[in-house]
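Asks: Quick one, fold the following:
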Amino acid sequence: MNFFNRLQGVFFSPQTTFKALAEKPVWKLTLVFILILTAVFIYLVNPYIQQDTLKTFKNNVKLQERLGEERYNRMLERYENPTKTSRLLGAFVFTPITMMIGLLLSSLFLLVIGRLTSTEGKFILVFSAFIHANIIDKLLGNAVRLILIFTRKSFIQTTTSLALFFPRLEVLSTPYIILSQFDFFQLWMFGILAYGLAAIFKISLKKALFVSYGFFILKSAFNIALALIQTTALR
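Replies: Model prediction:
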C-alpha cells in the first residue's frame with residue numbers, strides 16, 4: 001500500500017488501512033508529511049497568535065509586577081515586532097521538534113495502556129498507526145481551522161471543539177478550557193486509531209476504543225491542568 005493509498009485510506013477505509021499498517025509498519029513519508037503540514041500551518045497563523053498574545057499580555061498589571069517593567073516591556077516588544085527569522089525558526093524548527101517529541105511520547109503511552117489489555121504489540125507498530133491517524137487532525141482539521149482563523153482574524157477565538165457551541169464563554173474561563181479539549185477532529189482521530197490498536201494488540205475493537213479514548217482523556221486532563229495553571233498566572 002503506497003503513501004497515497006494510505007492517505008485516502010485513513011479517511012475512507014480505515015479498518016483495511018490500519019490492518020495493513022499493523023502487518024507492515026511504514027511511517028517515514030507520513031511523518032515528514034504531517035510535520036510539514038503542521039509547520040506550514042503554524043507559520044501561516046503565527047501573526048494571529050502574536051496578535052492575540054499581545055492583547056492578552058498588554059496592560060496586565062500582575063504580569064508586569066511579576067516580570068518587572070524592563071522584562072515586561074522587552075516581551076511586549078518581541079510580540080509587537082516579531083522578526084521573520086523568529087517566525088521561520090518557530091514554525092520550521094521548534095514546532096517539528098516539539099511535535100516529534102509529542103508523537104513519540106504519545107505512542108509510548110498508548111503502548112503502555114495497550115499492554116494492560118494484551119501481551120501483543122510493538123512500539124514501532126503503535127507509532128506508525130498513531131502517525132497515520134494524525135492525518136485526520138493535521139490535514140483536514142488544520143485546513144478547517146485555517147479557514148476559520150483567516151475569517152475571524154483570530155487564533156485564540158477559533159475552535160473546532162465543543163466550545164464552538166458556547167460563543168459567549170470567555171476564552172480563558174475554565175468551562176471553555178475544558179470544552180476546547182473535545183475537538184471534533186481529535187475525537188475522529190482517536191476513533192479511527194482504534195482500528196489500528198485492535199490489529200496491533202490483537203484485541204476487540206471495543207477494547208481498542210477503550211485504550212484509544214482512555215489515552216485521549218488522560219491527555220486532555222493534562223492539557224486542562226496546564227492551561228488552568230497558565231491562565232491563573234495571567235490573572
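
Asks: Buried residues of stretch 71-87, list them for me.
Replies: Of the residues in stretch 71-87, those buried by neighbour count under the rule 16 or more other C-beta atoms under 10 Å are Tyr72, Met75, Leu76, Tyr79, Pro82. Any C-beta I mention is one placed from the backbone N, CA and C, and that applies to glycine too.

Asks: does the first one belong to a helix or a strand, and which?
Replies: Per DSSP states H and E: Tyr72 is located in helix 69-80.

Asks: Mind giving me the packing neighbours of that helix?
Replies: helix 28-57, helix 61-67 (3 or more C-beta pairs under 8 Å, 6 or more residues apart in numbering; DSSP states H and E).

Asks: Kindly reformat the buried residues of stretch 71-87 as TSV containing distance to Thr231 and pLDDT.
Replies: Listed next are those as TSV, based on distance: C-beta to C-beta, whole Å; pLDDT from 0 to 100:
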residue	distance to Thr231	pLDDT
Tyr72	18	76
Met75	17	76
Leu76	19	78
Tyr79	18	78
Pro82	23	80
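
Asks: can you name the two of those that are farthest apart?
Replies: Tyr72 and Pro82 (16.9 Å; C-beta to C-beta).

Asks: okay, and the helix or strand of the chain with the least pLDDT?
Replies: Between all helices and strands in the chain, the lowest mean by mean pLDDT, DSSP states H and E belongs to helix 61-67, at a mean of 71.

Asks: returning to that earlier point: need the residues that contact whichever helix or strand comes after the helix holding Tyr72.
Replies: With elements assigned by DSSP H and E, the helix or strand that comes after helix 69-80 is helix 84-89. Residues outside helix 84-89 that contact it (C-beta atoms under 8 Å, 6 or more residues apart in numbering): Tyr43, Asn46, Arg78.

Asks: Compute the first-to-last residue distance for stretch 20-30.
Replies: The separation between the terminal residues of stretch 20-30, taken as C-alpha to C-alpha, to the nearest Å, is 15 Å.

Asks: for stretch 56-74, same thing?
Replies: By C-alpha to C-alpha, the extent of stretch 56-74 from end to end equals 15 Å.

Asks: export stretch 182-191 as PDB, just CAs?
Replies: Output of stretch 182-191 as PDB, limited to C-alpha atoms (Å, rounded to 0.1, in the frame of the first residue of the first chain):
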ATOM      1  CA  PHE A 182     -13.100  17.900  23.000                       C
ATOM      2  CA  ASP A 183     -12.000  18.800  19.500                       C
ATOM      3  CA  PHE A 184     -14.100  17.100  16.700                       C
ATOM      4  CA  PHE A 185     -11.100  16.100  14.600                       C
ATOM      5  CA  GLN A 186      -9.200  14.800  17.600                       C
ATOM      6  CA  LEU A 187     -12.300  12.700  18.600                       C
ATOM      7  CA  TRP A 188     -12.400  11.400  15.000                       C
ATOM      8  CA  MET A 189      -8.700  10.700  15.000                       C
ATOM      9  CA  PHE A 190      -8.700   8.600  18.200                       C
ATOM     10  CA  GLY A 191     -11.800   6.800  16.900                       C
END
